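> My questions are about this predicted structure, shown below with the sequence.
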Amino acid sequence: MYITKEHLKTGMILARDIILNERNLSYVLLTRGQPLNARYINKILFHDIPGVFIENDAFDDMVFEEEIDRRLESKALASIRSLHYELEKNGNSISFNSIDHFSAIIDDLISDILSKRKLTDNILEFKNHDEYTYQHCLNVANLSITTGIAMGLKNRPLHALGMAALLHDIGKTAIPTEILNKPAALTAEEFELMKTHPIVAVDILKNYVSKDILEGIKFHHERPDGSGYPYGRTSDNIPFYSKIISISDVYHALNSERAYRKMCFPSEIMEYLMGNAGAHFDYDILKVFLKNVVAFPVGTFVKLSNGKLGVVIKNYIENNMRPKIRVVNPDNTVGEDIDLLNDYQYMNVTVVDMGYKYVDIDFGKIKKPKTPPKK
Ligand SMILES: [Fe+2]
(Lines give C-alpha, C1' and ligand atoms only; values in the text may rest on other atoms or scores of the structure.)
Protein backbone atom coordinates (compact mmCIF):
# COMPACT_ATOMS: atom_id res chain seq x y z
CA MET A 1 0.00 0.00 0.00
CA TYR A 2 1.04 3.61 -0.61
CA ILE A 3 1.73 5.69 2.45
CA THR A 4 2.96 9.22 2.79
CA LYS A 5 6.25 9.97 4.54
CA GLU A 6 4.55 11.13 7.76
CA HIS A 7 3.39 7.54 8.34
CA LEU A 8 6.74 5.79 7.97
CA LYS A 9 7.55 3.55 10.93
CA THR A 10 10.48 1.23 11.58
CA GLY A 11 9.81 -2.40 10.63
CA MET A 12 7.65 -1.55 7.60
CA ILE A 13 8.75 -3.46 4.49
CA LEU A 14 9.15 -1.74 1.14
CA ALA A 15 6.93 -3.15 -1.62
CA ARG A 16 8.82 -1.44 -4.47
CA ASP A 17 12.35 -0.26 -5.15
CA ILE A 18 12.86 3.43 -4.50
CA ILE A 19 14.58 4.75 -7.62
CA LEU A 20 16.04 8.22 -7.81
CA ASN A 21 16.91 10.02 -11.02
CA GLU A 22 19.76 12.44 -10.48
CA ARG A 23 21.97 14.13 -13.05
CA ASN A 24 22.40 11.52 -15.75
CA LEU A 25 21.97 8.61 -13.39
CA SER A 26 19.09 6.52 -12.15
CA TYR A 27 19.91 4.64 -9.01
CA VAL A 28 18.18 2.50 -6.44
CA LEU A 29 18.06 4.28 -3.10
CA LEU A 30 16.41 1.37 -1.25
CA THR A 31 15.40 -2.03 -2.56
CA ARG A 32 12.07 -3.82 -2.38
CA GLY A 33 11.74 -6.20 0.59
CA GLN A 34 13.92 -4.01 2.78
CA PRO A 35 12.59 -3.50 6.34
CA LEU A 36 12.74 0.17 7.24
CA ASN A 37 14.96 1.29 10.09
CA ALA A 38 15.52 4.83 11.37
CA ARG A 39 18.45 5.37 8.99
CA TYR A 40 16.42 4.37 5.91
CA ILE A 41 13.49 6.52 7.01
CA ASN A 42 15.90 9.44 7.33
CA LYS A 43 17.19 8.74 3.81
CA ILE A 44 13.63 8.91 2.44
CA LEU A 45 12.96 12.15 4.30
CA PHE A 46 16.32 13.60 3.24
CA HIS A 47 15.48 13.06 -0.43
CA ASP A 48 12.03 14.65 0.02
CA ILE A 49 10.22 11.57 -1.25
CA PRO A 50 6.55 12.27 -0.48
CA GLY A 51 5.57 8.61 0.05
CA VAL A 52 6.45 4.97 -0.59
CA PHE A 53 4.76 1.61 -1.15
CA ILE A 54 4.94 -0.84 1.76
CA GLU A 55 4.03 -4.51 1.95
CA ASN A 56 0.90 -5.56 3.76
CA ASP A 57 -0.76 -8.91 3.01
CA ALA A 58 -4.20 -7.53 3.93
CA PHE A 59 -3.89 -5.57 0.69
CA ASP A 60 -1.87 -7.93 -1.48
CA ASP A 61 -4.57 -7.99 -4.18
CA MET A 62 -4.21 -4.27 -4.94
CA VAL A 63 -2.75 -3.67 -8.37
CA PHE A 64 -0.45 -0.73 -8.90
CA GLU A 65 0.28 0.15 -12.48
CA GLU A 66 3.26 2.19 -13.50
CA GLU A 67 2.22 5.61 -14.67
CA ILE A 68 4.85 5.94 -17.38
CA ASP A 69 6.97 2.98 -18.48
CA ARG A 70 10.10 3.21 -16.25
CA ARG A 71 12.60 2.83 -19.09
CA LEU A 72 10.82 5.45 -21.17
CA GLU A 73 10.72 7.72 -18.12
CA SER A 74 14.52 7.50 -17.59
CA LYS A 75 15.21 8.04 -21.29
CA ALA A 76 12.89 11.04 -21.44
CA LEU A 77 14.31 12.58 -18.26
CA ALA A 78 17.87 12.16 -19.62
CA SER A 79 16.93 14.00 -22.85
CA ILE A 80 15.17 16.83 -21.02
CA ARG A 81 18.16 17.17 -18.67
CA SER A 82 20.68 17.26 -21.52
CA LEU A 83 18.63 19.88 -23.40
CA HIS A 84 18.75 22.06 -20.27
CA TYR A 85 22.54 21.61 -20.02
CA GLU A 86 22.92 22.40 -23.72
CA LEU A 87 20.96 25.63 -23.28
CA GLU A 88 23.01 26.66 -20.26
CA LYS A 89 26.26 25.90 -22.06
CA ASN A 90 25.44 27.44 -25.43
CA GLY A 91 23.46 30.47 -24.25
CA ASN A 92 19.97 29.47 -25.33
CA SER A 93 20.84 27.80 -28.61
CA ILE A 94 20.09 24.16 -29.37
CA SER A 95 20.57 21.63 -32.16
CA PHE A 96 18.14 19.80 -34.46
CA ASN A 97 19.44 16.62 -32.93
CA SER A 98 17.95 17.49 -29.51
CA ILE A 99 14.57 18.25 -31.07
CA ASP A 100 14.65 14.89 -32.88
CA HIS A 101 15.18 13.17 -29.54
CA PHE A 102 12.14 14.94 -28.14
CA SER A 103 10.05 14.01 -31.13
CA ALA A 104 10.95 10.32 -30.66
CA ILE A 105 10.09 10.54 -26.95
CA ILE A 106 6.65 11.94 -27.76
CA ASP A 107 6.03 9.06 -30.21
CA ASP A 108 6.95 6.54 -27.49
CA LEU A 109 4.89 8.34 -24.87
CA ILE A 110 1.80 8.38 -27.11
CA SER A 111 2.12 4.62 -27.80
CA ASP A 112 2.64 3.95 -24.08
CA ILE A 113 -0.50 5.93 -23.12
CA LEU A 114 -2.59 4.37 -25.90
CA SER A 115 -1.57 0.87 -24.77
CA LYS A 116 -2.91 1.37 -21.22
CA ARG A 117 -6.56 2.30 -20.99
CA LYS A 118 -6.56 3.68 -17.49
CA LEU A 119 -6.98 6.81 -15.43
CA THR A 120 -3.92 9.02 -15.10
CA ASP A 121 -2.45 8.65 -11.67
CA ASN A 122 0.25 11.15 -11.09
CA ILE A 123 1.25 10.18 -7.58
CA LEU A 124 4.88 11.03 -7.02
CA GLU A 125 6.24 8.17 -5.01
CA PHE A 126 9.89 8.38 -6.03
CA LYS A 127 10.34 11.97 -6.99
CA ASN A 128 12.70 14.51 -5.53
CA HIS A 129 13.22 18.26 -5.73
CA ASP A 130 16.43 18.31 -7.79
CA GLU A 131 14.67 16.71 -10.69
CA TYR A 132 11.46 18.70 -10.38
CA THR A 133 11.82 20.69 -13.60
CA TYR A 134 12.46 17.62 -15.75
CA GLN A 135 9.74 15.54 -14.13
CA HIS A 136 7.35 18.45 -14.47
CA CYS A 137 7.91 18.64 -18.27
CA LEU A 138 7.38 14.90 -18.66
CA ASN A 139 4.28 14.75 -16.47
CA VAL A 140 2.70 17.75 -18.19
CA ALA A 141 3.28 15.98 -21.52
CA ASN A 142 1.70 12.80 -20.13
CA LEU A 143 -1.38 14.62 -18.78
CA SER A 144 -1.76 16.73 -21.93
CA ILE A 145 -1.51 13.76 -24.31
CA THR A 146 -4.06 11.83 -22.21
CA THR A 147 -6.45 14.80 -22.41
CA GLY A 148 -5.74 15.28 -26.14
CA ILE A 149 -6.60 11.63 -26.84
CA ALA A 150 -9.82 11.93 -24.82
CA MET A 151 -10.72 15.00 -26.90
CA GLY A 152 -10.23 13.10 -30.15
CA LEU A 153 -6.77 14.27 -31.23
CA LYS A 154 -4.76 11.85 -33.34
CA ASN A 155 -1.55 11.63 -35.34
CA ARG A 156 0.20 14.94 -36.06
CA PRO A 157 -1.96 17.26 -33.90
CA LEU A 158 -1.55 14.87 -30.95
CA HIS A 159 2.20 14.77 -31.52
CA ALA A 160 2.34 18.59 -31.75
CA LEU A 161 0.42 18.91 -28.48
CA GLY A 162 2.89 16.50 -26.83
CA MET A 163 5.87 18.49 -28.12
CA ALA A 164 4.41 21.80 -26.90
CA ALA A 165 3.71 20.24 -23.49
CA LEU A 166 7.17 18.69 -23.15
CA LEU A 167 8.88 21.96 -24.10
CA HIS A 168 6.45 24.42 -22.49
CA ASP A 169 8.77 25.61 -19.71
CA ILE A 170 12.06 25.52 -21.63
CA GLY A 171 12.22 29.34 -21.34
CA LYS A 172 12.76 28.93 -17.58
CA THR A 173 16.42 28.19 -18.32
CA ALA A 174 16.75 31.98 -18.63
CA ILE A 175 15.28 32.61 -15.15
CA PRO A 176 17.70 32.51 -12.18
CA THR A 177 17.25 29.40 -9.98
CA GLU A 178 16.87 31.57 -6.86
CA ILE A 179 13.67 32.96 -8.39
CA LEU A 180 12.40 29.58 -9.63
CA ASN A 181 12.87 27.95 -6.22
CA LYS A 182 12.10 30.95 -4.03
CA PRO A 183 10.31 29.67 -0.92
CA ALA A 184 8.11 32.80 -0.76
CA ALA A 185 6.01 35.03 -3.00
CA LEU A 186 7.91 36.71 -5.85
CA THR A 187 8.47 40.48 -5.77
CA ALA A 188 6.84 42.50 -8.58
CA GLU A 189 10.20 42.70 -10.35
CA GLU A 190 10.85 38.95 -10.08
CA PHE A 191 7.36 38.21 -11.34
CA GLU A 192 7.93 40.45 -14.38
CA LEU A 193 10.99 38.36 -15.19
CA MET A 194 9.08 35.11 -14.64
CA LYS A 195 6.41 36.29 -17.09
CA THR A 196 8.97 36.32 -19.90
CA HIS A 197 9.57 32.54 -19.92
CA PRO A 198 6.95 31.66 -22.58
CA ILE A 199 8.45 34.32 -24.89
CA VAL A 200 12.02 33.13 -24.25
CA ALA A 201 10.91 29.58 -25.12
CA VAL A 202 9.58 30.75 -28.51
CA ASP A 203 12.86 32.52 -29.15
CA ILE A 204 14.85 29.36 -28.43
CA LEU A 205 12.64 27.09 -30.51
CA LYS A 206 11.54 29.29 -33.41
CA ASN A 207 13.80 27.66 -36.01
CA TYR A 208 13.15 24.12 -34.89
CA VAL A 209 9.44 23.47 -34.40
CA SER A 210 6.21 24.36 -36.21
CA LYS A 211 4.04 27.41 -35.55
CA ASP A 212 1.27 25.52 -33.73
CA ILE A 213 3.81 24.13 -31.24
CA LEU A 214 5.30 27.60 -30.69
CA GLU A 215 1.84 29.09 -30.12
CA GLY A 216 0.89 26.29 -27.72
CA ILE A 217 3.97 27.19 -25.63
CA LYS A 218 3.69 30.96 -25.94
CA PHE A 219 0.21 31.16 -24.42
CA HIS A 220 0.35 28.43 -21.76
CA HIS A 221 -0.05 30.96 -18.91
CA GLU A 222 -2.98 32.81 -20.44
CA ARG A 223 -6.41 32.40 -18.81
CA PRO A 224 -9.92 32.56 -20.33
CA ASP A 225 -10.86 35.58 -18.15
CA GLY A 226 -7.82 37.57 -19.29
CA SER A 227 -5.99 37.40 -15.94
CA GLY A 228 -3.07 35.35 -17.30
CA TYR A 229 0.33 36.36 -18.70
CA PRO A 230 2.28 37.60 -20.64
CA TYR A 231 -0.44 39.07 -22.91
CA GLY A 232 -3.68 38.88 -20.90
CA ARG A 233 -5.47 37.20 -23.82
CA THR A 234 -9.04 35.96 -23.34
CA SER A 235 -10.66 32.65 -24.14
CA ASP A 236 -11.24 32.88 -27.91
CA ASN A 237 -7.69 34.08 -28.50
CA ILE A 238 -5.94 31.30 -26.59
CA PRO A 239 -4.90 28.29 -28.69
CA PHE A 240 -6.39 24.86 -27.92
CA TYR A 241 -2.99 23.32 -27.05
CA SER A 242 -2.22 26.13 -24.57
CA LYS A 243 -5.56 25.58 -22.81
CA ILE A 244 -4.78 21.88 -22.31
CA ILE A 245 -1.18 22.53 -21.18
CA SER A 246 -2.30 25.20 -18.72
CA ILE A 247 -4.55 22.71 -16.86
CA SER A 248 -1.89 19.96 -16.87
CA ASP A 249 0.72 22.47 -15.69
CA VAL A 250 -1.26 23.60 -12.65
CA TYR A 251 -2.38 20.05 -11.85
CA HIS A 252 1.17 18.70 -11.78
CA ALA A 253 2.62 21.71 -9.95
CA LEU A 254 0.10 21.27 -7.12
CA ASN A 255 0.63 17.49 -7.06
CA SER A 256 4.32 18.02 -6.31
CA GLU A 257 5.96 18.75 -3.01
CA ARG A 258 7.94 21.99 -3.21
CA ALA A 259 10.24 23.80 -0.82
CA TYR A 260 7.45 26.30 -0.09
CA ARG A 261 4.40 24.03 0.16
CA LYS A 262 3.21 20.49 0.66
CA MET A 263 1.96 18.25 -2.10
CA CYS A 264 -1.82 18.47 -2.67
CA PHE A 265 -3.77 15.27 -3.21
CA PRO A 266 -5.50 14.74 -6.58
CA SER A 267 -9.04 15.16 -5.19
CA GLU A 268 -7.98 18.46 -3.59
CA ILE A 269 -6.48 19.70 -6.85
CA MET A 270 -9.61 18.67 -8.73
CA GLU A 271 -11.70 20.86 -6.44
CA TYR A 272 -9.32 23.76 -6.93
CA LEU A 273 -9.49 23.38 -10.72
CA MET A 274 -13.29 23.09 -10.69
CA GLY A 275 -13.54 26.24 -8.57
CA ASN A 276 -11.64 28.12 -11.27
CA ALA A 277 -13.43 26.56 -14.25
CA GLY A 278 -14.22 29.08 -16.96
CA ALA A 279 -12.10 31.80 -15.33
CA HIS A 280 -8.60 30.30 -15.19
CA PHE A 281 -9.26 27.10 -17.13
CA ASP A 282 -11.30 26.30 -20.22
CA TYR A 283 -14.51 24.69 -18.98
CA ASP A 284 -14.97 22.07 -21.74
CA ILE A 285 -11.36 20.91 -21.63
CA LEU A 286 -11.37 20.81 -17.83
CA LYS A 287 -14.46 18.57 -17.86
CA VAL A 288 -12.58 16.03 -20.00
CA PHE A 289 -9.35 16.41 -18.00
CA LEU A 290 -11.09 15.77 -14.67
CA LYS A 291 -12.69 12.55 -15.93
CA ASN A 292 -9.32 11.12 -16.82
CA VAL A 293 -7.27 11.60 -13.66
CA VAL A 294 -7.36 9.49 -10.54
CA ALA A 295 -9.06 11.32 -7.66
CA PHE A 296 -8.16 8.82 -4.93
CA PRO A 297 -5.03 6.83 -5.83
CA VAL A 298 -4.93 3.11 -5.02
CA GLY A 299 -3.37 2.64 -1.58
CA THR A 300 -4.64 5.96 -0.22
CA PHE A 301 -6.22 5.92 3.23
CA VAL A 302 -9.64 7.62 3.20
CA LYS A 303 -12.56 8.45 5.47
CA LEU A 304 -16.09 7.85 4.19
CA SER A 305 -19.26 9.81 4.95
CA ASN A 306 -20.66 6.77 6.83
CA GLY A 307 -17.83 7.17 9.34
CA LYS A 308 -15.77 4.20 8.14
CA LEU A 309 -12.06 4.39 7.41
CA GLY A 310 -10.42 2.38 4.68
CA VAL A 311 -7.87 2.04 1.91
CA VAL A 312 -8.61 2.54 -1.81
CA ILE A 313 -8.01 -0.79 -3.55
CA LYS A 314 -9.36 -0.14 -7.05
CA ASN A 315 -10.24 2.72 -9.34
CA TYR A 316 -12.72 2.62 -12.22
CA ILE A 317 -12.14 4.37 -15.53
CA GLU A 318 -15.94 4.85 -15.78
CA ASN A 319 -16.12 7.08 -12.69
CA ASN A 320 -13.02 8.32 -10.93
CA MET A 321 -14.91 9.70 -7.92
CA ARG A 322 -16.31 6.26 -6.94
CA PRO A 323 -13.43 3.89 -6.10
CA LYS A 324 -13.57 0.57 -4.24
CA ILE A 325 -12.43 0.80 -0.62
CA ARG A 326 -11.34 -1.87 1.89
CA VAL A 327 -12.54 -0.93 5.35
CA VAL A 328 -10.03 -0.81 8.22
CA ASN A 329 -11.70 -1.46 11.59
CA PRO A 330 -10.78 0.32 14.84
CA ASP A 331 -8.96 -2.87 16.01
CA ASN A 332 -6.65 -2.55 12.95
CA THR A 333 -8.16 -5.53 11.11
CA VAL A 334 -9.53 -5.14 7.59
CA GLY A 335 -13.30 -5.32 7.14
CA GLU A 336 -15.60 -5.46 4.12
CA ASP A 337 -14.93 -3.97 0.69
CA ILE A 338 -17.14 -0.99 -0.18
CA ASP A 339 -17.63 -0.54 -3.92
CA LEU A 340 -18.88 3.02 -4.34
CA LEU A 341 -19.49 2.59 -8.07
CA ASN A 342 -21.27 -0.76 -8.29
CA ASP A 343 -22.95 -1.37 -4.95
CA TYR A 344 -26.21 0.60 -4.75
CA GLN A 345 -26.44 0.36 -0.96
CA TYR A 346 -23.53 2.84 -0.91
CA MET A 347 -25.04 5.32 -3.40
CA ASN A 348 -25.21 8.05 -0.74
CA VAL A 349 -21.75 7.36 0.69
CA THR A 350 -18.86 9.62 -0.39
CA VAL A 351 -15.17 9.99 0.36
CA VAL A 352 -14.94 12.88 2.79
CA ASP A 353 -11.32 12.98 3.92
CA MET A 354 -7.84 11.91 2.96
CA GLY A 355 -5.75 9.65 5.13
CA TYR A 356 -2.49 11.51 5.20
CA LYS A 357 -3.95 13.50 8.07
CA TYR A 358 -4.33 10.37 10.22
CA VAL A 359 -0.78 10.43 11.48
CA ASP A 360 -1.33 8.05 14.43
CA ILE A 361 -2.17 5.01 12.33
CA ASP A 362 0.54 2.37 11.98
CA PHE A 363 -0.19 1.16 8.46
CA GLY A 364 2.29 -1.69 8.80
CA LYS A 365 0.13 -3.20 11.55
CA ILE A 366 -3.18 -3.39 9.66
CA LYS A 367 -3.94 -7.10 9.31
CA LYS A 368 -6.45 -9.60 7.96
CA PRO A 369 -9.13 -10.71 10.49
CA LYS A 370 -8.97 -14.32 11.76
CA THR A 371 -12.32 -15.05 10.06
CA PRO A 372 -12.83 -13.30 6.71
CA PRO A 373 -15.42 -10.50 6.69
CA LYS A 374 -18.90 -11.25 5.30
CA LYS A 375 -19.42 -10.21 1.66
FE1 LIG B 1 5.28 27.96 -17.46
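Perfect, thanks for sending it. Everything numeric here is computed off the predicted structure, so don't read it as measured data.
> list the contacts for the nearest residue to residue 114 once chain neighbours are set aside?
Among residues not flanking residue 114 along the chain, residue 149 sits closest, at 6.9 Å (CB to CB, 6 or more residues apart in numbering). All C-beta spots, glycine's among them, are computed from the backbone N, C-alpha and C. Residues in contact with residue 149 (CB atoms under 8 Å, 6 or more residues apart in numbering) are 110, 113-114, 158.
> Residue 301 bridge partners, please.
In this structure, residue 301 bridges to residue 311 when assessed by DSSP bridges.
> how much space between it and residue 6?
According to CB to CB, to the nearest Å, residue 301 stands 11 Å off from residue 6.
> Tell me which of those two has more neighbours.
Relative neighbour count places residue 301 above the other of residue 301 and residue 6, with 25 against 13, counting by other CB atoms under 10 Å.
> and that one, how far is that from residue 277?
29 Å.
> just to revisit the earlier point, could the contacts of residue 149 go into a markdown table alongside pLDDT?
Listed next are the contacts of residue 149 as a markdown table, based on pLDDT from 0 to 100:
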| residue | pLDDT |
| --- | --- |
| 110 | 94 |
| 113 | 89 |
| 114 | 89 |
| 158 | 97 |
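> Drop anything exposed from those.
By neighbour count, with 16 or more other CB atoms under 10 Å, the contacts of residue 149 hold 110, 113, 158 as buried.
> Surely the second one is in contact with residue 146?
I take that to be residue 113. Yes - assessed by CB atoms under 8 Å, residue 113 is found in contact with residue 146 at 5.8 Å.
> could you say what helices and strands the helix or strand hosting residue 157 packs with?
Element membership for residue 157 (DSSP states H and E) is helix 155-167. Packing partners of helix 155-167 (3 or more CB pairs under 8 Å, 6 or more residues apart in numbering; DSSP states H and E): helix 96-115, helix 132-150, helix 211-218, helix 240-254.
> Tell me which of those helices lies nearest to residue 162.
Smallest distance to residue 162 across the helices and strands packed on helix 155-167 (CB to CB): 3.9 Å, for helix 96-115.
> Would you pull up how far that closest one lies from the middle of the chain?
Distance of helix 96-115 from its chain centroid, counting by CA atoms, centre = their mean, to the nearest Å, is 19 Å.
> distance between the ends of stretch 339-351?
Stretch 339-351 has an end-to-end distance of 12 Å (CA to CA, to the nearest Å).
> Tell me the buried residues in it?
Of all the residues in stretch 339-351, those buried under the rule 16+ other CB under 10 Å are 339-341, 346, 349, 351.
> Pick out whichever of the residues you listed sits closest to residue 136.
Distances from residue 136 to the buried residues of stretch 339-351, taken by CB to CB, are shortest for residue 351, at 27.3 Å.
> isn't the closest one right next to residue 302, touching?
Yes - using CB under 8 Å, residue 351 is in contact with residue 302, at 4.9 Å.
> shared neighbours of those two, which are they?
In contact with both residue 351 and residue 302: 296, 325, using CB under 8 Å, 6+ apart.
> got the contact list for residue 84?
Contacts for residue 84 (CB under 8 Å, 6+ apart) come out as 133-134, 173.
> could those residues be laid out in CSV, adding pLDDT, distance to residue 153 and neighbour count?
Formatted as CSV, the contacts of residue 84 follow (pLDDT from 0 to 100; distance: CB to CB, whole Å; neighbours: other CB atoms under 10 Å):
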residue, pLDDT, distance to residue 153, neighbour count
133, 82, 26, 19
134, 84, 25, 19
173, 87, 28, 21
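> Output the residues you listed as JSON lines; include the columns distance to residue 190.
Below are the contacts of residue 84 laid out as JSON lines (distance: CB to CB, whole Å):
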{"residue": "133", "distance to residue 190": "17"}
{"residue": "134", "distance to residue 190": "23"}
{"residue": "173", "distance to residue 190": "16"}
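> any idea how far residue 241 is from residue 318?
For residue 241, the distance to residue 318 equals 28 Å [CB to CB].
> domain assignment for this protein?
What automatic domain parsing lists as the domains of the chain is 1-55, 70-291, 300-375.
> Return the most buried member of these.
Greatest average neighbour count among the domains of the chain goes to domain 70-291 (a mean of 18), per mean count of other CB atoms under 10 Å.
> per-residue confidence at residue 247?
The model reports residue 247 with a pLDDT of 98.
> Quick one: residues contacting it.
Taking CB under 8 Å, 6+ apart, one finds 143, 147, 273, 281-282, 285-286, 289 in contact with residue 247.
> In terms of distance to residue 102, which of the residues you listed ranks first?
Closest approach between those and residue 102, by CB to CB: residue 143, at 16.9 Å.
> Between helix 132-150 and the helix or strand encompassing residue 284, find me the angle.
Residue 284 is part of helix 283-291, with elements assigned from DSSP H and E. Interaxial angle, helix 283-291 versus helix 132-150 (axes from the mean of the first three to the mean of the last three CA atoms, to 10 degrees): 110 degrees.
> Residues in contact with helix 283-291: which ones?
For helix 283-291, the surrounding residues in contact (CB under 8 Å, 6+ apart) are 143, 147, 150-151, 224, 240, 243-244, 247-248, 251, 270, 273-274, 277, 320.
> Who are the packing partners of the one helix or strand residue 268 maps to?
Following DSSP H and E, one finds residue 268 within helix 266-275. On a contact count with 3+ CB pairs under 8 Å, 6+ apart, helix 266-275 meets helix 240-254, helix 283-291, strand 351-354.
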